[in-house]
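**Q** test case, fold it:
(chains A and B)
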Amino acid sequence: MDPLFLAYSYFRRRKYEQCVELCSQLLDKNPYDQAAWSLKTRALTEQVYIDEVDVDEEGIAELIMDDNSIAQVARPGTSLKVPGTGQGAPSQGVRPMSQSGRPLTGFVRPGTQSTRPGTMEQAIRTPRTAHTARPVTSASGRYVRLGTASMLSSPDGPFINLARLNMPKYSARPNLAKSLFEYIFHHENDVRNALDLASGATEACQFQDWWWKVQLGKCYYRLGMYRDAEKQFKSALKQQDMVDTYLYLCKVYVRLDQPLTAVEVYKQGLQRFIGEASLLTGIARVYEGMNDMSNTVQFYKDVLHQDNMSIEAIACIGTHYFYTDQPEIALKFYRRLLQMGVYNTELFNNLGLCCFYAQQYDMTLTCFERALSLASDDNMSDVWYNIGHVALGIGDLTLAYQSFRLALASNNDHAEAYNNLGVLEMKKGRLEMSRAFFQAAFNLAPHMYEPHYNFASMSDKVGDLQSSFNAARRASDAFSDHMDSKQLLSSLRKHFAML
Amino acid sequence: SETGLQFHEVLPRNGQVYQEDLPTTVLCKPKLMPLKSVTLERLEKMQRDAQETVKEQE
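**A** Numbers count the residues shown, from 1 in each chain, chains lettered A, B, ... in the order given. Take a look at the predicted model:
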């Protein structure tokens, strides 16, 4: 068989490694074989390709030295930085909060992992385990690390030496330039060279090719030049309406902290592409970022009308129902995910919780057993934590205690488990232990009100009024509508005034 | 009355029934785990693979 034909066949069947090997052999024989060269770049790109729409990583530098946002103190409901009004969302007393002050989401993407912290202190606070540490800037982030790793794995150096590449020559050749660009951008993560190539190529075609404009926009976005990116995307949209371009443009607006504009642009896109699920999902994500739950759920439901297999929409709606006190409906959504073939720890854990709170006790423990058997080191602790809750629900305090302990054994930074252990210790009357647990909990997760309040109420009981006052203040900072901490505060104020 | 039913008020003999709202400790809530997007899973897999390659070479 013709080796090039075979290589193409491998490529089509997604057997990229064999494809690369075959192309390398072809190139050894004839280094000027353009077809083999181009195919090899494409195969190498596909190995590490990630949808650029989903790529989102903010470093500390971008967060803190953000000079793109228009208002530093934005009006409520117009910014992603301050969590919104919480319209239609369950209160913090019911649905746990993430560090950024938003309710826990039902679905994580690369962007949702790194929610915007409020202060420098929060931004650089990294847990002792490295897996959630934030890079200093996105230019040193995960994508670059992947790039260097892929270079290590090829013993005779990188496939293309970018420094010695004659960019103008390639940018004038449309048949090679596009695959070369994707190789530089995705595989090498060398945004500057990619930008060089793209700007040459867009000139070579007299600014008539929308594709190059989109690529230029992607480069500018990665370099943090959001306004330039916006210009390129808008210009590309004038030439050709594409869903992708709308998504990229909205990503720029989200990064510029203009969620309302982003929604507006999504809606423009929806006028051209009626019922496009990815645009609807985008709107829902923006609303979720603004903590506007009624709109979020509405748009996720719209997504499901168009695409009833959307895992993200099902998971988010399920989470919403669970925390608005309808676990049996949440159970239906998660069961649907199971039918669709999702089979992982997270799903079984959620099914177990929903079963328990929907009073289908026969399934609860089976689900959790399954979740534990599928769990990895990263998510084992959350499963044990939830088993602890089930144990509390059936009154088995010993099992609860052991489960929370096990949650800590797999993740030493599990703040919720510390807090609940503190509560259990307090029930047993061991105040010193519970005080230590509460302290550990609120040092790890200052955004949670529970450990602050528990610490305050405990200190109040033992007569340490000053600590109690401070902790109660922190509790009502974290959750301003919490009645008990308000009452505690006011009674302490009265007491201090009497002195 | 219209239905003919008579309701008699029931009053406890020894003092009123009341419940004092005592402040209690709060537990953290059960945590549904967010599902991971395909992109995120792919990223994590690639990162693991890359780390293993690096380890093998060292």
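**Q** now for residue 48, how many residues are close by?
**A** Since no chain was named, I'll use chain A. 22 (other Cβ atoms under 10 Å in any protein chain shown). In this view, the C-beta of every residue, glycine as well, is placed from N, C-alpha and C.
**Q** meant chain B actually
**A** Using other Cβ under 10 Å, B:Arg48 has 10 other residues around it.
**Q** tell me who's in contact with it.
**A** Taking Cβ atoms under 8 Å, 6 or more residues apart in numbering or on different chains as the contact definition, B:Arg48 lies against nothing.
**Q** tell me which element it is part of?
**A** Following DSSP states H and E, one finds B:Arg48 within helix B:38-57.
**Q** which part of chain B gets nearest to chain A, residue-wise?
**A** For chain B, the residue closest to chain A is B:Ala50, as judged by Cβ to the nearest Cβ, at 3.2 Å.
**Q** I'd say A:Asn386 and A:Asn420 touch.
**A** No: here A:Asn386 does not reach A:Asn420: they are 10.9 Å apart, not a contact under Cβ atoms under 8 Å.
**Q** of those two, which one has the most company?
**A** A count of neighbours by other Cβ under 10 Å puts A:Asn420 above the other of A:Asn386 and A:Asn420, at 30 against 24.
**Q** with adjacent residues omitted, what lies nearest to residue 33?
**A** I went with chain A, as the question did not name one. A:Leu26 (5.6 Å; Cβ to Cβ, 6 or more residues apart in numbering or on different chains).
**Q** switch to chain B, please.
**A** A:Glu346 (4.1 Å).
**Q** next, give phi and psi for the one you found.
**A** phi -60, psi -50 (degrees, to the nearest 10).
**Q** where does chain B have low pLDDT?
**A** B:1-4, B:16-17, B:21 (pLDDT under 70).
**Q** close to chain A: what parts of it are there?
**A** By Cβ under 8 Å from any Cβ of the partner chain, the residues of chain B that approach chain A are B:23, B:25-37, B:39-40, B:42-43, B:46-47, B:50-51, B:53-54, B:57.
**Q** run the last query once more with 6 Å
**A** B:23, B:25-37, B:39-40, B:46, B:50, B:53-54, B:57 (Cβ under 6 Å from any Cβ of the partner chain).
**Q** can you tell me which of the residues you listed are buried?
**A** Burial by neighbour count, judged by 16 or more other Cβ atoms under 10 Å in any protein chain shown, picks out B:23, B:25-37, B:39-40, B:46, B:50 from those.
**Q** following the helix or strand where A:Phe442 lies, which helix or strand comes up?
**A** Using DSSP H and E, A:Phe442 sits within helix A:431-444. Heading C-terminal from helix A:431-444, the first helix or strand you meet, by DSSP H and E, is helix A:449-462.
**Q** can you list the buried residues in that following helix?
**A** A:Tyr449, A:Glu450, A:Pro451, A:His452, A:Tyr453, A:Asn454, A:Phe455, A:Ala456, A:Ser457, A:Met458, A:Ser459, A:Asp460.
**Q** chain B next: which of those are close?
**A** Intersecting the buried residues of helix A:449-462 with the contacts of chain B gives A:Glu450, A:Tyr453, A:Asn454, A:Ser457 (criterion: Cβ under 6 Å from any Cβ).
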